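*Asks:* coords below, sequence missing:
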């Protein structure tokens with residue numbers, strides 16, 4: 001059976017999941033978990049509620065299943081997750097409870113993302129002490145909270161129903177979220193405050209469990225990511241399938257897995273938050289910073305450089321006299337070293353600049369080569385269609401190559417008479433006309449004029465309007481007479497049967513009268 005997931009309250013849920021249909025939870029088996037080798041596997045699927053529900057999984061039941069799994073003889077516990085998340089309330093507490101069980105029993109807890117671990121489901125996944133693992137195409141993250149406020153006031157008005165709620169005096173926020181009360185700015189601001197506060201709880205949990213700085217989490221802006229993208233951001237430990245995951249967890253030994261970034265941050269934090277940087281870091285930053293300027297090192301940088309050369313801890317200005325004493329007699333050596341460092345830094349900067357310039361030049365050359373090849377191909381294609389008129393050629397000269405290829409291959413060809421071929425060989429003119437008199441007139445139209453004996457001034461008066469050939473100086477009577485002559489000679493418009501030409505002549509005469 002399936003049901004639509006529509007709920008209220010603060011949600012740590014993939015927004016696409018709201019209102020979607022999901023399979024109802026199964027009735028369960030004799031055990032709260034599945035045994036796969038030496039691993040106790042707990043399956044977490046579909047939307048999640050805080051308390052027991054007849055249709056969806058809930059955090060209280062998952063915690064009870066985990067207690068049974070950690071108490072079993074299995075050497076490790078796994079969460080197999082395919083969930084868009086759910087209620088924000090309770091998911092962070094569950095994540096910390098699962099982490100505590102793993103550390104207390106010394107049994108590794110691994111997470112396999114079997115499709116999706118988004119929002120609250122990812123918060124639960126953060127409890128893993130043996131890492132989060134997933135196939136590359138699984139979905140993770142969606143690290144944010146929201147509340148769905150349903151406003152039914154427009155529908156109420158449409159059906160002629162009005163709800164009147166009377167809250168306590170001064171308690172204008174009491175009706176926040178009521179679907180029959182249009183939310184006020186104050187109510188929306190109140191809800192926004194709750195959403196933001198709960199989001200802070202969420203980010204604190206991820207930072208605590210995964211060691212990812214909150215600014216990096218906020219930079220995701222609540223987006224969902226593929227697992228392959230999550231690896232780079234520390235959200236996923238490895239990409240693997242289920243068989244590889246089971247093998248990894250069965251052989252897992254050691255401390256809780258964290259990302260490289262998390263490990264470095266945990267180490268820095270253990271050394272003391274108040275110690276932002278060591279003297280070595282300060283010395284290196286000072287020396288590298290001044291080396292970029294290309295000038296002479298400052299006295300402080302010289303002292304730090306000397307300390308680094310002597311493998312002693314730099315200490316800035318506190319021991320200036322001792323540092324100055326150590327540099328006595330080594331001034332020339334320090335100058336040489338400083339000059340070499342500055343030169344090396346400048347060379348590195350110059351090399352980087354040269355690389356960028358070279359890369360741009362290569363791109364420009366490649367673009368020019370590609371355009372030259374395209375132009376040559378375009379010219380060859382257009383040359384294969386001498387029947388194309390000048391304005392068609394001009395249009396295709398700017399069209400994308402697929403359009404040009406299709407036109408040259410599939411557009412119908414115009415079969416020209418010898419006169420038309422001669423006219424086409426000299427674009428813009430026909431026998432008896434001046435050069436340029438027929439500019440813009442297609443070869444088949446030039447052929448028609450040639451067959452009609454149009455010469456001189458008459459040809460000069462011909463022009464093209466859209467796809468039509470216009471002869472301004474030919475009267476209806478002259479056109480009818482000439483058409484009759486052509487018909488007597490067995491000539492009729494190209495592609496038009498003789499009867500149609502005759503009917504057209506008759507209609508033309510009627511219109512002329």
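*Replies:* Looks like it came in fine. All of these numbers come straight from a predicted model, not from anything done at the bench.
*Asks:* contacts for the one helix or strand residue 93 maps to, please.
*Replies:* Element membership for residue 93 (DSSP states H and E) is helix 91-105. Here helix 91-105 makes contact (CB atoms under 8 Å, 6 or more residues apart in numbering) with 12, 48, 50, 59, 62-63, 66-67, 70-71, 77, 79, 85, 108-109, 120, 123-124, 126-127, 129, 201-202, 205, 209, 256. For every residue, glycine as well, the C-beta is placed using N, CA and C.
*Asks:* buried stuff in it?
*Replies:* The neighbour-count check on helix 91-105 (16 or more other CB atoms under 10 Å) flags 91-92, 94-95, 97-99, 101-102 as buried.
*Asks:* which one among these gets closest to residue 148?
*Replies:* residue 91 (16.8 Å; CB to CB).
*Asks:* please name the nearest non-neighbouring residue to that closest one.
*Replies:* residue 120 (3.9 Å; CB to CB, 6 or more residues apart in numbering).
*Asks:* ditto for residue 31
*Replies:* residue 68 (7.7 Å).
*Asks:* pretty sure that neighbour sits against residue 34.
*Replies:* No: with contacts counted by CB atoms under 8 Å, residue 68 stays clear of residue 34, the gap being 11.8 Å.
*Asks:* neighbours of residue 117, how many?
*Replies:* Residue 117 has 35 neighbours, counted by other CB atoms under 10 Å.
*Asks:* do residue 477 as well
*Replies:* Neighbourhood size, residue 477 [other CB under 10 Å]: 10.
*Asks:* quick check: which element contains it?
*Replies:* Secondary structure from DSSP H and E places residue 477 in helix 476-488.
*Asks:* what do you get for residue 114?
*Replies:* Element membership for residue 114, per DSSP H and E: strand 109-118.
*Asks:* outline the domain layout of the chain.
*Replies:* Following automatic domain parsing, one finds the domains of the chain at 2-148+198-260, 279-346.
*Asks:* mean pLDDT lowest where, among those?
*Replies:* Comparing mean pLDDT across the domains of the chain, the weakest is domain 279-346, with a mean of 54.
*Asks:* pretty sure residue 118 is touching residue 140, no?
*Replies:* Yes: the pair residue 118 and residue 140 passes the contact test of CB under 8 Å, sitting 6.8 Å apart.
*Asks:* list residues touching both of these two?
*Replies:* residue 224.
*Asks:* residue 54: how many residues sit nearby?
*Replies:* The number of residues packed near residue 54 is 7, by other CB under 10 Å.
*Asks:* for residue 147, grab the count of nearby residues.
*Replies:* For residue 147, using other CB under 10 Å, the count is 16.
*Asks:* my guess is it contacts residue 9, does it?
*Replies:* Yes: counting by CB under 8 Å, residue 9 is a contact partner of residue 147 at 6.7 Å.
*Asks:* any idea of the mean pLDDT in the helix holding residue 477?
*Replies:* 70.
*Asks:* host element of the residue nearest to residue 31?
*Replies:* Per DSSP H and E: helix 59-71 holds residue 68.
*Asks:* in that helix, what's buried?
*Replies:* 59, 61-63, 65-66, 69-70.
*Asks:* got the contact list for residue 382?
*Replies:* 388, 393, 396-397, 404, 408.
*Asks:* closest to residue 167 out of those residues?
*Replies:* Of those, the one sitting nearest to residue 167 (CB to CB) turns out to be residue 404, at 70.1 Å.
*Asks:* that closest one: what secondary structure?
*Replies:* In three-state terms, and counting by DSSP: H, G, I helix; E, B strand; the rest coil, residue 404 is helix.
*Asks:* ok, it to residue 202 distance?
*Replies:* Residue 404 sits 55 Å away from residue 202, going by CB to CB, to the nearest Å.
*Asks:* likewise residue 208?
*Replies:* 11 Å.
*Asks:* between those two, tell me which one has more neighbours.
*Replies:* With neighbours defined as other CB under 10 Å, residue 208 and residue 202 compare such that residue 202 has more, 24 against 14.
*Asks:* correct me if wrong, but the more buried one is in a helix.
*Replies:* Yes: assessed with three-state DSSP, residue 202 lies in a helix.
*Asks:* contact partners for it?
*Replies:* Counted by CB under 8 Å, 6+ apart, residue 202 has contacts 12, 88, 92, 123, 143-145.
*Asks:* residue 50 reaches residue 62, doesn't it?
*Replies:* No: the criterion here is CB under 8 Å, and residue 50 misses it with residue 62 at 10.7 Å.
*Asks:* which strands or helices does the helix holding residue 68 pack on?
*Replies:* On a contact count with 3 or more CB pairs under 8 Å, 6 or more residues apart in numbering; DSSP states H and E, helix 59-71 meets strand 39-45, strand 48-49, strand 76-83, helix 91-105.
*Asks:* can you do 10 Å?
*Replies:* On a contact count with 3 or more CB pairs under 10 Å, 6 or more residues apart in numbering; DSSP states H and E, helix 59-71 meets strand 39-45, strand 48-49, strand 76-83, helix 91-105, strand 109-118, helix 120-125.
*Asks:* output the ones you listed as CSV; include the columns distance to residue 221.
*Replies:* Below are the helices and strands packed on helix 59-71 laid out as CSV (distance: least, CB to CB, whole Å):
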stretch, distance to residue 221
strand 39-45, 25
strand 48-49, 23
strand 76-83, 21
helix 91-105, 20
strand 109-118, 14
helix 120-125, 15
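*Asks:* out of those, which is closest to residue 380?
*Replies:* strand 109-118 (51.5 Å).
*Asks:* quick one: that closest one to helix 91-105, angle?
*Replies:* Relative orientation of strand 109-118 and helix 91-105, computed by axes from the mean of the first three to the mean of the last three CA atoms, to 10 degrees: 170 degrees.
*Asks:* just the buried positions in strand 109-118, please.
*Replies:* For strand 109-118, burial by neighbour count (16+ other CB under 10 Å) applies to 109-118.
*Asks:* would you map the strands across the stretch 101-250 of the chain?
*Replies:* 109-118, 132-134, 139-141, 146-147, 224-226, 238-239 (DSSP state E, counting those that start in this stretch).
*Asks:* dump those strands into CSV; add distance to residue 412 as well.
*Replies:* Formatted as CSV, the strands of the stretch 101-250 of the chain follow (distance: least, CB to CB, whole Å):
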stretch, distance to residue 412
strand 109-118, 53
strand 132-134, 56
strand 139-141, 51
strand 146-147, 59
strand 224-226, 48
strand 238-239, 54
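*Asks:* looking at these, spot the one closest to residue 383.
*Replies:* strand 224-226 (48.2 Å).
*Asks:* ok, that closest one: who's next to it in the sheet?
*Replies:* Applying DSSP bridges, strand 224-226 is found paired with strand 139-141 (antiparallel).
*Asks:* burial of the residue nearest to residue 239 when sequence neighbours are not counted, as a residue count?
*Replies:* Distances taken as CB to CB, 6+ apart place residue 136 nearest to residue 239, at 5.0 Å, with adjacent residues excluded. Neighbour count for residue 136, taken as other CB under 10 Å: 14.
*Asks:* the one 4 residues further on too?
*Replies:* When counting by other CB under 10 Å, one arrives at 27 neighbours for residue 140.
*Asks:* not counting its neighbours along the chain, what's nearest residue 413?
*Replies:* Among residues not flanking residue 413 along the chain, residue 387 sits closest, at 5.3 Å (CB to CB, 6+ apart).
*Asks:* same question, residue 184
*Replies:* Leaving aside its sequence neighbours, residue 184 sits nearest to residue 172 (CB to CB, 6+ apart; 7.1 Å).
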